[in-house]
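# following is a predicted model, sequence given first.
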Amino acid sequence: MLRNERHARIFEHVSAHGSVSVEELAGILAVSAATVRRDLRHLDASKLLRRTHGGASLGNIGLETPMRYRSERRRPEKLAIAQAAAALVPAKAVVGLNGGSTTTEIARLLADRGPVTIVTNAVNIAAELLPHQDVTLVVIGGTARNESYELVRSIAEKPLAEYYTDVTFLGVDGISATHGCTTHDQVEAVTDRAFTDRSSLTVVVADNSKIGKVTLARICPLSAIAHLVTDHDAPKDELARITDAGVLVTVA
């Protein structure tokens, strides 16, 4: 297991349970206690959790897994979702992408296929696309969020009002039939909403961990999106409710 994947699993476990022991983590990760202690020292120094005697706790840390630890979690599922999503894009389309590990995979696929115009507020996506000659890149400015690599706030929303996209792929932290699409950060939610307002077609891309989940800030109701692309482990009952609400669901 890669180091970043271990860190992501540790962070998610502590976020879910509040605290954890070294022995418990060693069993979950199938590594030695010494490896777990090194990981906990790193995460504590990064202020992502708090080391305690014999383990770690969440302390006052928020619940959003930083982007650098998300990319290796559920990677096969995200790749399958990205491939199904990219297949929806017509030739020479204008595509909107907000930040996220799954939208990053979509960007890579579209860049290799080209030509395409990408409108994004994610600095990591922009950096990857810059070398591609067949990509016309539009980067929306704003204030950077370390957790998602996105540029947000009103200075990001105003430029977005000047662009229209054929399709926008929206990464979310939660999607449910009752509460629609949500994210951890209320400012980021406003910027994400601006993407949906300027798109002919909004497609949510979300792995199974996001289905039925609700987080702090509402991006938009289900009526604002046309399509959800997810994976085979998504809860079937929640997908049925989302379908009943009028959203086309593709299981990759």
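Structure received.
# quick check: the residue sitting furthest away from the middle of the chain vs residue 37, distance?
Here the chain reaches farthest from its C-alpha mean at residue 53, the gap being 32.7 Å by Cα atoms, centre = their mean. Distance of residue 53 to residue 37, computed by Cβ to Cβ, to the nearest Å: 12 Å. For the C-beta atoms, the positions are set from N, CA and C on the backbone; glycine is no exception.
# distance check, residue 15 against residue 191.
24 Å.
# compare neighbour counts for the two and give me the winner.
residue 191 (27 against 16; other Cβ atoms under 10 Å).
# next one: phi and psi at that one?
Backbone geometry at residue 191, expressed as degrees, to the nearest 10, gives phi -60, psi -40.
# quick check: it touching residue 121?
Yes: using Cβ atoms under 8 Å, residue 191 is in contact with residue 121, at 6.2 Å.
# so who does the residue farthest from the centre of the chain touch?
With contact set as Cβ atoms under 8 Å, 6 or more residues apart in numbering, residue 53 has no partners.
# confidence score at it?
Per-residue pLDDT puts residue 53 at 89.
# I'd like to know which helix or strand in this protein has the lowest mean pLDDT.
Here the helix or strand of the chain ranked lowest by mean pLDDT, DSSP states H and E is helix 67-70, holding a mean of 55.
# where does the stretch 151-252 of the chain have low pLDDT?
For the stretch 151-252 of the chain, applying pLDDT under 70 flags the ranges 151-159.
# let's see it at 50
Residue ranges of the stretch 151-252 of the chain with pLDDT under 50: 155.
# count of neighbours near residue 130?
With other Cβ under 10 Å as criterion, residue 130 counts 11.
# so it touches residue 124, yeah?
No: with contacts counted by Cβ under 8 Å, residue 130 stays clear of residue 124, the gap being 11.2 Å.
# need the residues touching each of those two.
By Cβ under 8 Å, 6+ apart, no residue touches both residue 130 and residue 124.
# need phi/psi at the residue farthest from the centre of the chain.
The phi/psi pair for residue 53 (degrees, to the nearest 10) is phi -70, psi 110.
# how about residue 55?
According to degrees, to the nearest 10, residue 55 has phi 180, psi -140.
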